[in-house]
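Q: Got a predicted model here, sequence first, then my questions.
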Amino acid sequence: PSMEGTSFGTAAGLAALHEAKQAGLALPEGLARRARARLRESRKPDGSFLYDVGLRYAPAHLANRPAGSLGRTQAGHFAMSAWGEAAVGEREIRQGLDTFFREHRFLELGRKRQHPHESWYYTSGYYYYFGHYYAELLIERLADAGDFRDKLKASILPLQEEDGSWWDYKLWDYGKPYGTAFAVMALLRCR
C-alpha cells in the first residue's frame with residue numbers, strides 16, 4: 001500500500017482481474033473500469049507511466065521519464081493491451097520493449113540498492129524482475145518476438161544467486177521469494 005495509487009500496482013491488479021475474467025469469475029466492473037481509467041491517465045504521450053497519482057503534477061520528474069519508468073511501463077502496456085485499450089497496440093508494445101532493453105542499465109543500477117529510488121532516474125530494485133515478467137507477457141503478444149526473448153534471458157539468468165534464488169530488493173523477509181517467483185515465471189514463459 002502507498003499514499004496514492006501507483007501505475008504499476010494498478011497495472012498488476014488489472015492484469016489479475018483480466019485473468020480472473022478470462023477464467024469466468026464475476027468481476028466488480030466498476031472497480032475495473034475505474035482502474036482502467038486511472039491507468040490511461042497515468043500513461044504519458046511518450047509511452048512511459050507516471051509513478052503514482054501524486055506525481056501527476058510533475059510529469060517531467062526523473063521517475064516519470066522513460067528511463068525511470070522502465071520497470072513500470074511493461075506492466076502498464078500489458079494491462080492496457082489485455083483490456084483492449086486502443087492506445088497500446090503492437091507498435092507501442094515494440095517501442096516499450098525497445099526502450100526497456102536500450103535503457104536497461106538504469107534498471108540494473110537500481111537493483112539491490114539499500115534504499116528504494118536512490119539510483120538514476122529514481123529506479124528501485126523492487127521492479128527489476130517485476131518489469132521483466134511483464135516484458136515477457138508483452139513479448140508473447142508480438143507476431144515476431146525477434147531477439148527480445150534472448151535479451152530477456154540474458155538479463156535474468158546471470159543474476160541467479162548461489163542459493164538458486166533471484167532477488168532485486170530486500171523487501172523485509174520476502175525479497176528472495178518475490179524476486180525468484182518473477183524471474184522463474186518470466187523464464188518459464190521464454191521457452
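A: On my side now, so go ahead.
Q: ok now stretch 130-149, how far from the chain's centre?
A: Relative to the centre of its chain, stretch 130-149 is centred 11 Å away, using C-alpha atoms, centre = their mean, to the nearest Å.
Q: what about the chain, any weak spots by pLDDT?
A: Flagging of the chain using pLDDT under 70 yields the residue ranges 1-3.
Q: what are the ranges of the helices in it?
A: 7-22, 29-42, 70-82, 90-102, 105-110, 128-139, 148-156, 175-189 (DSSP state H).
Q: Mind putting those into a markdown table with mean neighbour count?
A: For glycine as for every other residue, the C-beta is placed from the backbone atoms N, C-alpha and C. Shown next, in a markdown table, are these (neighbours: other C-beta atoms under 10 Å):
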| stretch | mean neighbour count |
| --- | --- |
| helix 7-22 | 19 |
| helix 29-42 | 16 |
| helix 70-82 | 27 |
| helix 90-102 | 18 |
| helix 105-110 | 20 |
| helix 128-139 | 25 |
| helix 148-156 | 18 |
| helix 175-189 | 18 |
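Q: In TSV: these, plus distance to residue 121.
A: Putting those into TSV (distance: least, C-beta to C-beta, whole Å) gives the following:
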stretch	distance to residue 121
helix 7-22	15
helix 29-42	17
helix 70-82	8
helix 90-102	12
helix 105-110	5
helix 128-139	13
helix 148-156	17
helix 175-189	20
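Q: Which of those helices sits closest to residue 58?
A: helix 29-42 (12.7 Å; C-beta to C-beta).
Q: got a list of contacts for the closest one?
A: 5, 7, 10-11, 13-14, 17, 21, 49-50, 53, 56, 76, 79-80, 83, 85, 87 (C-beta atoms under 8 Å, 6 or more residues apart in numbering).
Q: one step back: mind checking which of the helices of the chain is nearest residue 163?
A: helix 175-189 (8.0 Å).
Q: Point out the other helices and strands that the closest one packs with.
A: Applying 3 or more C-beta pairs under 8 Å, 6 or more residues apart in numbering; DSSP states H and E, we find helix 175-189 packed against helix 128-139, helix 148-156.
Q: quick one, the shortest one and helix 175-189 angle?
A: Helix 148-156 and helix 175-189 are oriented at 160 degrees to each other (axes from the mean of the first three to the mean of the last three C-alpha atoms, to 10 degrees).
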